[in-house]
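In: sequence plus the predicted model coming up.
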Amino acid sequence: MSGNLTSARGTARDASAEPALAPMRHGLGVVCGLAAGAWLGAAEAPARLVAGNYSPFAISFCMVLGVFIARWTLPVVLKGTQSVFADLRARPHLILWAVLAGALWSVANTLTIYAIRDVGLAIAFPLWNTNTLIGIFWGWALFHELRGASLRIWIRVLLGASAIVAGSVFLSLLSVHTAGGAHGRALQGVAAALGAGLLWGTMYVPYRKAYITGINPLSFVTIFTFGEVGTMVFLGAALPGSLPALWRNLHALRPSVFWLLLGGFCWVIGDLFQQYATKYVGISRAIPLSNTNQLWGFAWGVLVFGELAGAHGSVRVLALGASAVTIFGAMLIAGAGVSGGETDSAVRAVRRECDRYGLDLDATLRAQAGADEVAARRRSRWDSLVVLAALAVFVWFAIGVRVPRLQARVAPALTLFAISVAILAGVGWMLWKKTRFA
(Lines give C-alpha, C1' and ligand atoms only; values in the text may rest on other atoms or scores of the structure.)
Protein backbone atom coordinates (compact mmCIF):
# COMPACT_ATOMS: atom_id res chain seq x y z
CA MET A 1 0.00 0.00 0.00
CA SER A 2 2.76 2.45 0.94
CA GLY A 3 4.57 1.72 -2.33
CA ASN A 4 1.42 2.56 -4.31
CA LEU A 5 0.99 5.81 -2.37
CA THR A 6 4.60 6.70 -3.04
CA SER A 7 4.13 6.03 -6.74
CA ALA A 8 0.98 8.12 -6.80
CA ARG A 9 2.68 11.03 -5.06
CA GLY A 10 5.67 10.68 -7.44
CA THR A 11 3.30 10.78 -10.43
CA ALA A 12 1.65 13.92 -9.16
CA ARG A 13 4.94 15.67 -8.52
CA ASP A 14 6.41 14.71 -11.88
CA ALA A 15 3.27 15.62 -13.78
CA SER A 16 3.71 19.18 -12.54
CA ALA A 17 7.49 19.15 -13.00
CA GLU A 18 7.40 17.71 -16.53
CA PRO A 19 6.65 20.96 -18.42
CA ALA A 20 9.77 22.55 -16.90
CA LEU A 21 11.97 19.58 -17.71
CA ALA A 22 10.68 18.78 -21.19
CA PRO A 23 12.22 21.75 -23.10
CA MET A 24 15.68 21.10 -21.65
CA ARG A 25 15.47 17.39 -22.32
CA HIS A 26 14.18 17.73 -25.87
CA GLY A 27 16.71 20.37 -26.93
CA LEU A 28 19.61 18.48 -25.41
CA GLY A 29 18.45 15.23 -26.98
CA VAL A 30 18.27 16.88 -30.40
CA VAL A 31 21.83 18.20 -30.33
CA CYS A 32 23.10 14.87 -28.96
CA GLY A 33 21.42 13.06 -31.86
CA LEU A 34 22.99 15.39 -34.41
CA ALA A 35 26.42 15.02 -32.76
CA ALA A 36 25.98 11.26 -32.88
CA GLY A 37 25.44 11.48 -36.64
CA ALA A 38 28.74 13.29 -37.14
CA TRP A 39 30.83 10.79 -35.18
CA LEU A 40 29.04 7.65 -36.35
CA GLY A 41 29.66 8.80 -39.90
CA ALA A 42 33.34 9.49 -39.29
CA ALA A 43 33.83 6.13 -37.59
CA GLU A 44 32.92 4.19 -40.73
CA ALA A 45 35.83 5.64 -42.73
CA PRO A 46 38.35 2.96 -41.56
CA ALA A 47 36.01 0.29 -42.92
CA ARG A 48 37.29 1.34 -46.35
CA LEU A 49 40.13 -1.12 -45.66
CA VAL A 50 37.93 -3.78 -47.28
CA ALA A 51 39.19 -2.31 -50.54
CA GLY A 52 42.50 -3.99 -49.74
CA ASN A 53 40.93 -7.47 -49.85
CA TYR A 54 41.14 -7.97 -46.11
CA SER A 55 38.59 -10.19 -44.43
CA PRO A 56 35.45 -8.14 -43.63
CA PHE A 57 34.92 -10.19 -40.48
CA ALA A 58 38.48 -9.54 -39.29
CA ILE A 59 37.97 -5.81 -39.89
CA SER A 60 34.73 -5.90 -37.89
CA PHE A 61 36.47 -7.84 -35.10
CA CYS A 62 39.20 -5.18 -34.82
CA MET A 63 36.63 -2.40 -34.74
CA VAL A 64 34.77 -4.20 -31.96
CA LEU A 65 38.01 -4.40 -29.96
CA GLY A 66 38.35 -0.65 -30.35
CA VAL A 67 34.76 -0.26 -29.23
CA PHE A 68 35.41 -2.49 -26.21
CA ILE A 69 38.34 -0.32 -25.14
CA ALA A 70 36.43 2.92 -25.61
CA ARG A 71 33.26 1.75 -23.86
CA TRP A 72 35.27 1.15 -20.71
CA THR A 73 37.71 4.04 -20.95
CA LEU A 74 35.34 6.95 -21.63
CA PRO A 75 32.85 6.14 -18.82
CA VAL A 76 35.74 5.70 -16.38
CA VAL A 77 37.24 9.06 -17.38
CA LEU A 78 33.91 10.88 -17.10
CA LYS A 79 32.32 9.22 -14.03
CA GLY A 80 34.74 6.72 -12.48
CA THR A 81 34.41 2.99 -11.89
CA GLN A 82 32.66 3.38 -8.52
CA SER A 83 29.82 5.42 -10.02
CA VAL A 84 29.43 2.96 -12.90
CA PHE A 85 29.20 -0.13 -10.69
CA ALA A 86 26.93 1.58 -8.16
CA ASP A 87 24.52 2.37 -10.98
CA LEU A 88 24.56 -1.25 -12.17
CA ARG A 89 24.02 -2.62 -8.66
CA ALA A 90 20.91 -0.46 -8.34
CA ARG A 91 19.46 -1.87 -11.60
CA PRO A 92 20.91 -5.38 -12.06
CA HIS A 93 18.04 -6.45 -14.36
CA LEU A 94 19.52 -4.27 -17.11
CA ILE A 95 22.78 -6.21 -17.32
CA LEU A 96 21.24 -8.94 -19.49
CA TRP A 97 19.57 -6.35 -21.70
CA ALA A 98 22.89 -4.58 -22.19
CA VAL A 99 24.57 -7.84 -23.26
CA LEU A 100 21.72 -8.46 -25.73
CA ALA A 101 22.13 -4.97 -27.18
CA GLY A 102 25.85 -5.58 -27.63
CA ALA A 103 25.19 -8.85 -29.45
CA LEU A 104 22.79 -7.18 -31.86
CA TRP A 105 25.29 -4.40 -32.49
CA SER A 106 28.11 -6.82 -33.32
CA VAL A 107 26.10 -8.76 -35.89
CA ALA A 108 24.83 -5.54 -37.47
CA ASN A 109 28.31 -4.03 -37.60
CA THR A 110 29.67 -7.14 -39.32
CA LEU A 111 26.91 -6.90 -41.92
CA THR A 112 27.84 -3.29 -42.64
CA ILE A 113 31.41 -4.30 -43.47
CA TYR A 114 30.12 -6.69 -46.13
CA ALA A 115 27.70 -4.05 -47.37
CA ILE A 116 30.48 -1.47 -47.76
CA ARG A 117 32.60 -4.02 -49.62
CA ASP A 118 29.83 -4.86 -52.06
CA VAL A 119 28.07 -1.55 -52.74
CA GLY A 120 30.29 1.17 -51.23
CA LEU A 121 30.04 3.49 -48.25
CA ALA A 122 27.96 6.21 -49.90
CA ILE A 123 25.32 3.68 -50.99
CA ALA A 124 25.31 1.41 -47.91
CA PHE A 125 24.73 4.20 -45.38
CA PRO A 126 21.16 5.12 -46.37
CA LEU A 127 20.21 1.46 -46.72
CA TRP A 128 21.00 0.48 -43.16
CA ASN A 129 19.45 3.73 -41.96
CA THR A 130 16.09 2.05 -42.53
CA ASN A 131 16.54 1.24 -38.84
CA THR A 132 14.53 4.45 -38.43
CA LEU A 133 11.35 2.61 -39.40
CA ILE A 134 12.10 -0.33 -37.14
CA GLY A 135 12.83 1.96 -34.21
CA ILE A 136 9.65 3.97 -34.65
CA PHE A 137 7.61 0.77 -34.59
CA TRP A 138 9.28 -0.57 -31.43
CA GLY A 139 9.03 2.79 -29.71
CA TRP A 140 5.31 2.95 -30.38
CA ALA A 141 4.58 -0.71 -29.64
CA LEU A 142 6.64 -1.20 -26.47
CA PHE A 143 7.24 2.20 -24.87
CA HIS A 144 4.11 4.23 -25.68
CA GLU A 145 6.01 6.70 -27.85
CA LEU A 146 3.77 8.87 -30.08
CA ARG A 147 0.70 7.71 -28.18
CA GLY A 148 -1.29 10.79 -27.32
CA ALA A 149 0.60 12.82 -29.92
CA SER A 150 -1.30 15.34 -32.04
CA LEU A 151 -2.31 14.69 -35.63
CA ARG A 152 0.34 17.16 -36.82
CA ILE A 153 3.10 15.17 -35.10
CA TRP A 154 1.81 11.90 -36.52
CA ILE A 155 1.75 13.39 -40.04
CA ARG A 156 5.33 14.60 -39.68
CA VAL A 157 6.48 11.20 -38.47
CA LEU A 158 4.65 9.25 -41.18
CA LEU A 159 5.79 11.59 -43.96
CA GLY A 160 9.34 11.40 -42.68
CA ALA A 161 9.22 7.62 -42.56
CA SER A 162 7.84 7.48 -46.10
CA ALA A 163 10.66 9.71 -47.33
CA ILE A 164 13.25 7.47 -45.68
CA VAL A 165 11.74 4.38 -47.31
CA ALA A 166 11.59 6.03 -50.72
CA GLY A 167 15.19 7.25 -50.55
CA SER A 168 16.50 3.91 -49.34
CA VAL A 169 14.64 1.86 -51.97
CA PHE A 170 15.83 4.17 -54.74
CA LEU A 171 19.43 3.93 -53.59
CA SER A 172 19.21 0.14 -53.40
CA LEU A 173 18.02 -0.01 -57.02
CA LEU A 174 20.69 2.48 -58.05
CA SER A 175 23.42 0.41 -56.39
CA VAL A 176 22.39 -2.74 -58.24
CA HIS A 177 22.73 -0.99 -61.60
CA THR A 178 25.93 0.96 -60.90
CA ALA A 179 28.06 -1.58 -58.97
CA GLY A 180 30.27 -2.43 -61.91
CA GLY A 181 32.46 -5.52 -61.54
CA ALA A 182 30.62 -6.70 -58.44
CA HIS A 183 29.83 -10.07 -60.06
CA GLY A 184 26.47 -10.38 -58.36
CA ARG A 185 27.63 -8.93 -55.05
CA ALA A 186 25.44 -5.83 -55.28
CA LEU A 187 22.32 -7.70 -54.19
CA GLN A 188 24.26 -9.29 -51.33
CA GLY A 189 25.46 -5.85 -50.26
CA VAL A 190 21.91 -4.47 -50.30
CA ALA A 191 20.67 -7.43 -48.24
CA ALA A 192 23.51 -7.02 -45.74
CA ALA A 193 22.81 -3.29 -45.33
CA LEU A 194 19.08 -3.83 -44.85
CA GLY A 195 19.78 -6.64 -42.37
CA ALA A 196 22.02 -4.30 -40.40
CA GLY A 197 19.21 -1.74 -40.36
CA LEU A 198 16.79 -4.32 -38.95
CA LEU A 199 19.16 -5.31 -36.15
CA TRP A 200 20.16 -1.75 -35.32
CA GLY A 201 16.53 -0.71 -35.12
CA THR A 202 15.79 -3.58 -32.74
CA MET A 203 18.92 -2.80 -30.70
CA TYR A 204 17.18 0.35 -29.46
CA VAL A 205 14.68 -1.74 -27.48
CA PRO A 206 17.26 -2.53 -24.74
CA TYR A 207 18.45 1.08 -24.95
CA ARG A 208 15.04 2.53 -24.27
CA LYS A 209 14.18 -0.07 -21.64
CA ALA A 210 17.33 0.94 -19.79
CA TYR A 211 16.82 4.68 -19.93
CA ILE A 212 13.18 4.84 -18.92
CA THR A 213 14.33 3.25 -15.67
CA GLY A 214 16.93 5.98 -15.16
CA ILE A 215 20.26 4.24 -15.69
CA ASN A 216 23.19 6.41 -16.74
CA PRO A 217 24.24 5.79 -20.37
CA LEU A 218 27.88 5.64 -19.29
CA SER A 219 27.04 2.71 -17.01
CA PHE A 220 24.94 0.87 -19.57
CA VAL A 221 27.59 0.86 -22.29
CA THR A 222 30.24 -0.76 -20.10
CA ILE A 223 28.20 -3.98 -19.94
CA PHE A 224 27.22 -3.56 -23.58
CA THR A 225 30.82 -4.44 -24.50
CA PHE A 226 30.62 -8.01 -23.21
CA GLY A 227 27.77 -8.76 -25.60
CA GLU A 228 29.79 -7.28 -28.46
CA VAL A 229 33.04 -9.13 -27.90
CA GLY A 230 31.34 -12.39 -26.90
CA THR A 231 29.25 -12.36 -30.07
CA MET A 232 32.27 -11.66 -32.26
CA VAL A 233 34.16 -14.58 -30.74
CA PHE A 234 31.12 -16.82 -31.25
CA LEU A 235 30.76 -15.71 -34.88
CA GLY A 236 34.46 -16.32 -35.42
CA ALA A 237 34.02 -19.91 -34.26
CA ALA A 238 30.73 -20.52 -36.08
CA LEU A 239 31.37 -18.93 -39.49
CA PRO A 240 33.23 -20.89 -42.18
CA GLY A 241 36.95 -20.87 -41.58
CA SER A 242 36.69 -20.98 -37.76
CA LEU A 243 38.91 -19.13 -35.34
CA PRO A 244 42.29 -20.19 -36.83
CA ALA A 245 41.39 -18.38 -40.05
CA LEU A 246 40.43 -15.33 -38.02
CA TRP A 247 43.82 -15.30 -36.28
CA ARG A 248 45.59 -15.52 -39.66
CA ASN A 249 43.52 -12.65 -40.99
CA LEU A 250 44.23 -10.61 -37.89
CA HIS A 251 47.95 -11.22 -38.35
CA ALA A 252 47.67 -9.97 -41.94
CA LEU A 253 45.85 -6.89 -40.64
CA ARG A 254 48.49 -6.15 -37.99
CA PRO A 255 49.94 -3.03 -39.72
CA SER A 256 46.43 -1.53 -40.00
CA VAL A 257 44.83 -2.59 -36.71
CA PHE A 258 45.56 0.81 -35.16
CA TRP A 259 43.24 2.55 -37.64
CA LEU A 260 40.42 0.09 -36.96
CA LEU A 261 40.81 0.50 -33.20
CA LEU A 262 40.65 4.24 -33.74
CA GLY A 263 37.52 3.79 -35.84
CA GLY A 264 35.89 1.79 -33.05
CA PHE A 265 36.85 4.48 -30.55
CA CYS A 266 35.26 7.18 -32.71
CA TRP A 267 32.17 5.02 -33.07
CA VAL A 268 31.76 4.93 -29.29
CA ILE A 269 31.89 8.73 -29.10
CA GLY A 270 29.01 8.84 -31.56
CA ASP A 271 27.20 6.02 -29.80
CA LEU A 272 27.41 7.77 -26.42
CA PHE A 273 25.75 10.83 -27.94
CA GLN A 274 23.22 8.45 -29.45
CA GLN A 275 22.56 6.90 -26.05
CA TYR A 276 21.90 10.31 -24.51
CA ALA A 277 19.60 11.21 -27.42
CA THR A 278 17.64 7.98 -26.84
CA LYS A 279 17.37 8.80 -23.16
CA TYR A 280 16.10 12.34 -23.65
CA VAL A 281 13.90 12.17 -26.77
CA GLY A 282 13.07 8.46 -27.19
CA ILE A 283 13.61 5.94 -29.99
CA SER A 284 11.27 7.50 -32.55
CA ARG A 285 13.24 10.73 -32.57
CA ALA A 286 16.76 9.64 -31.58
CA ILE A 287 17.20 7.25 -34.51
CA PRO A 288 16.29 9.79 -37.21
CA LEU A 289 18.56 12.37 -35.60
CA SER A 290 21.54 10.03 -35.38
CA ASN A 291 20.82 8.81 -38.90
CA THR A 292 22.11 12.10 -40.19
CA ASN A 293 25.28 10.01 -40.18
CA GLN A 294 24.19 9.20 -43.73
CA LEU A 295 25.07 12.75 -44.68
CA TRP A 296 28.48 12.45 -43.02
CA GLY A 297 29.04 9.01 -44.54
CA PHE A 298 28.24 10.40 -47.97
CA ALA A 299 30.67 13.26 -47.39
CA TRP A 300 33.48 10.91 -46.30
CA GLY A 301 32.78 8.46 -49.11
CA VAL A 302 32.59 11.02 -51.90
CA LEU A 303 34.92 13.82 -50.78
CA VAL A 304 37.66 11.74 -49.15
CA PHE A 305 37.55 8.32 -50.85
CA GLY A 306 36.26 9.36 -54.27
CA GLU A 307 33.25 7.06 -54.36
CA LEU A 308 31.04 7.58 -57.40
CA ALA A 309 34.05 9.18 -59.12
CA GLY A 310 33.63 6.93 -62.12
CA ALA A 311 29.87 7.35 -62.33
CA HIS A 312 28.10 9.59 -64.80
CA GLY A 313 27.08 13.06 -63.65
CA SER A 314 23.40 12.10 -63.68
CA VAL A 315 24.07 9.13 -61.41
CA ARG A 316 25.85 11.35 -58.90
CA VAL A 317 22.96 13.80 -58.91
CA LEU A 318 20.46 10.99 -58.41
CA ALA A 319 22.48 9.50 -55.53
CA LEU A 320 22.78 12.89 -53.90
CA GLY A 321 19.08 13.58 -54.38
CA ALA A 322 18.08 10.22 -52.90
CA SER A 323 20.34 10.86 -49.91
CA ALA A 324 18.79 14.29 -49.48
CA VAL A 325 15.30 12.77 -49.49
CA THR A 326 16.36 10.28 -46.81
CA ILE A 327 17.87 12.97 -44.62
CA PHE A 328 14.84 15.23 -45.13
CA GLY A 329 12.61 12.44 -43.86
CA ALA A 330 14.80 11.94 -40.81
CA MET A 331 14.83 15.64 -39.98
CA LEU A 332 11.07 15.88 -40.49
CA ILE A 333 10.62 13.22 -37.83
CA ALA A 334 13.16 14.87 -35.56
CA GLY A 335 11.27 18.17 -35.76
CA ALA A 336 8.11 16.58 -34.37
CA GLY A 337 7.93 17.98 -30.85
CA VAL A 338 6.63 16.17 -27.78
CA SER A 339 3.03 17.01 -26.85
CA GLY A 340 1.49 16.89 -23.39
CA GLY A 341 -0.48 13.76 -24.23
CA GLU A 342 2.64 11.94 -25.38
CA THR A 343 4.44 13.02 -22.21
CA ASP A 344 1.67 11.52 -20.06
CA SER A 345 1.90 8.29 -22.07
CA ALA A 346 5.66 8.20 -21.52
CA VAL A 347 5.19 8.60 -17.77
CA ARG A 348 2.85 5.60 -17.80
CA ALA A 349 5.57 3.56 -19.53
CA VAL A 350 8.06 4.58 -16.84
CA ARG A 351 5.57 3.66 -14.11
CA ARG A 352 5.12 0.22 -15.67
CA GLU A 353 8.87 -0.44 -15.53
CA CYS A 354 9.09 0.89 -11.96
CA ASP A 355 6.28 -1.42 -10.83
CA ARG A 356 7.91 -4.37 -12.59
CA TYR A 357 11.34 -3.91 -10.99
CA GLY A 358 10.44 -2.21 -7.72
CA LEU A 359 11.95 1.20 -8.53
CA ASP A 360 10.91 4.57 -7.11
CA LEU A 361 8.92 6.47 -9.72
CA ASP A 362 9.87 9.95 -8.55
CA ALA A 363 13.61 9.20 -8.55
CA THR A 364 13.37 7.38 -11.88
CA LEU A 365 11.65 10.27 -13.63
CA ARG A 366 14.22 12.72 -12.32
CA ALA A 367 17.04 10.43 -13.44
CA GLN A 368 15.47 10.03 -16.87
CA ALA A 369 15.32 13.81 -17.26
CA GLY A 370 18.96 14.18 -16.26
CA ALA A 371 17.96 16.07 -13.12
CA ASP A 372 19.05 13.52 -10.52
CA GLU A 373 21.79 14.59 -8.16
CA VAL A 374 24.33 11.78 -7.81
CA ALA A 375 26.71 12.02 -4.90
CA ALA A 376 30.30 12.53 -5.98
CA ARG A 377 32.47 9.44 -5.59
CA ARG A 378 36.18 9.33 -5.04
CA ARG A 379 38.34 8.11 -7.87
CA SER A 380 39.98 4.75 -7.33
CA ARG A 381 43.28 3.41 -8.60
CA TRP A 382 41.32 1.19 -10.99
CA ASP A 383 40.33 4.30 -12.93
CA SER A 384 43.95 5.07 -13.69
CA LEU A 385 44.72 1.44 -14.54
CA VAL A 386 41.87 1.27 -17.06
CA VAL A 387 43.03 4.43 -18.81
CA LEU A 388 46.68 3.34 -18.84
CA ALA A 389 45.74 -0.07 -20.23
CA ALA A 390 43.76 1.55 -23.05
CA LEU A 391 46.66 3.85 -23.91
CA ALA A 392 49.06 0.90 -23.86
CA VAL A 393 46.95 -0.99 -26.39
CA PHE A 394 46.83 1.96 -28.76
CA VAL A 395 50.57 2.61 -28.40
CA TRP A 396 51.35 -1.05 -29.04
CA PHE A 397 49.41 -1.12 -32.30
CA ALA A 398 50.68 2.34 -33.28
CA ILE A 399 54.19 0.87 -33.40
CA GLY A 400 54.78 -0.19 -36.97
CA VAL A 401 51.43 1.14 -38.20
CA ARG A 402 51.13 1.54 -41.93
CA VAL A 403 49.02 4.04 -43.82
CA PRO A 404 46.56 2.05 -45.99
CA ARG A 405 47.11 2.24 -49.73
CA LEU A 406 43.88 3.97 -50.60
CA GLN A 407 42.87 6.75 -52.93
CA ALA A 408 42.14 9.27 -50.16
CA ARG A 409 42.22 13.06 -50.17
CA VAL A 410 43.95 14.49 -47.11
CA ALA A 411 42.55 18.04 -47.07
CA PRO A 412 38.84 17.06 -47.01
CA ALA A 413 39.60 14.37 -44.41
CA LEU A 414 41.27 16.89 -42.08
CA THR A 415 38.42 19.36 -42.56
CA LEU A 416 35.74 16.80 -41.73
CA PHE A 417 37.70 15.61 -38.71
CA ALA A 418 38.13 19.17 -37.41
CA ILE A 419 34.39 19.76 -37.69
CA SER A 420 33.72 16.54 -35.78
CA VAL A 421 36.10 17.57 -32.99
CA ALA A 422 34.37 20.95 -32.70
CA ILE A 423 30.99 19.20 -32.40
CA LEU A 424 32.39 16.87 -29.73
CA ALA A 425 33.67 19.79 -27.66
CA GLY A 426 30.51 21.85 -27.97
CA VAL A 427 27.91 19.17 -27.29
CA GLY A 428 30.07 17.51 -24.63
CA TRP A 429 30.25 20.82 -22.79
CA MET A 430 26.45 21.18 -23.00
CA LEU A 431 25.96 17.71 -21.53
CA TRP A 432 28.32 18.48 -18.67
CA LYS A 433 26.78 21.87 -17.93
CA LYS A 434 23.16 20.66 -17.96
CA THR A 435 23.38 17.14 -16.53
CA ARG A 436 26.97 16.40 -15.39
CA PHE A 437 26.68 13.43 -17.80
CA ALA A 438 23.70 12.07 -15.84
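Out: Right, received. Where do you want to start?

In: tell me the contacts of the residue nearest to the spatial centre of the chain?
Out: Residue closest to the average C-alpha location in the chain (CA atoms, centre = their mean): Asp271, at 3.9 Å. Contacts for Asp271 (CB atoms under 8 Å, 6 or more residues apart in numbering) come out as 36, 40, 67, 221. Just so you know, the C-beta spots here come from the backbone N, C-alpha and C atoms, and that holds for glycine as well.

In: okay if I get those residues as CSV plus distance to Ala101, pLDDT and secondary structure?
Out: Output for the contacts of Asp271, formatted as CSV (distance: CB to CB, whole Å; pLDDT from 0 to 100; DSSP: H, G, I helix; E, B strand; the rest coil):
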residue, distance to Ala101, pLDDT, secondary structure
Ala36, 16, 92, helix
Leu40, 16, 87, helix
Val67, 12, 85, helix
Val221, 9, 83, helix
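
In: any idea which of those residues is closest to Val119?
Out: Comparing the contacts of Asp271 against Val119 with CB to CB places Leu40 closest, at 18.5 Å.

In: any idea how far that closest one lies from Val67?
Out: Note on Leu40: its distance to Val67, by CB to CB, to the nearest Å, is 12 Å.

In: and those two? which has more neighbours close in?
Out: Ranked by neighbour count (other CB atoms under 10 Å), Leu40 and Val67 place Val67 first, with 29 against 25.

In: assign the nearest residue to the more buried one once chain neighbours are set aside to helix, strand or coil.
Out: Distances taken as CB to CB, 6 or more residues apart in numbering place Gly264 nearest to Val67, at 4.0 Å, with adjacent residues excluded. What DSSP: H, G, I helix; E, B strand; the rest coil gives for Gly264 is helix.

In: count of neighbours near Gly264?
Out: 24.

In: show me the contacts for it.
Out: If a contact means CB under 8 Å, 6+ apart, then Gly264 has 43, 62-70 as its contacts.

In: apply 7 Å and report the result again.
Out: 63-67, 70 (CB atoms under 7 Å, 6 or more residues apart in numbering).

In: quick one: low-confidence parts of the stretch 101-250 of the chain?
Out: Within the stretch 101-250 of the chain, the segments meeting pLDDT under 70 span 121-122, 125, 168-169, 171-185, 239-242.

In: all helices of it, in order?
Out: 121-128, 131-143, 151-178, 185-211, 217-238, 242-253 (DSSP state H, counting those that start in this stretch).

In: these two touch, right, Trp97 and Pro206?
Out: Yes: Trp97 sits in contact with Pro206 when judged by CB atoms under 7 Å, with a separation of 4.0 Å.

In: gap between Arg402 and Phe258?
Out: 9 Å.

In: which one's more surrounded, those two?
Out: Phe258 (22 against 10).

In: how far does whichever strand or helix holds that one sit from its chain's centre?
Out: Element membership for Phe258, per DSSP states H and E: helix 257-281. Relative to its parent chain, helix 257-281 has a centroid offset of 6 Å by CA atoms, centre = their mean, to the nearest Å.

In: what's the local residue count around Ala418?
Out: Ala418, neighbours per other CB under 10 Å, totals 10.

In: elements contacting whichever strand or helix holds it?
Out: Counting by DSSP H and E, the element that carries Ala418 is helix 410-435. If you count contacts as 3 or more CB pairs under 7 Å, 6 or more residues apart in numbering; DSSP states H and E, helix 410-435 packs onto helix 2-43, helix 257-281.

In: and that helix, how far from the chain's centre?
Out: Averaging C-alpha positions (CA atoms, centre = their mean) puts helix 410-435 16 Å from its chain's average.
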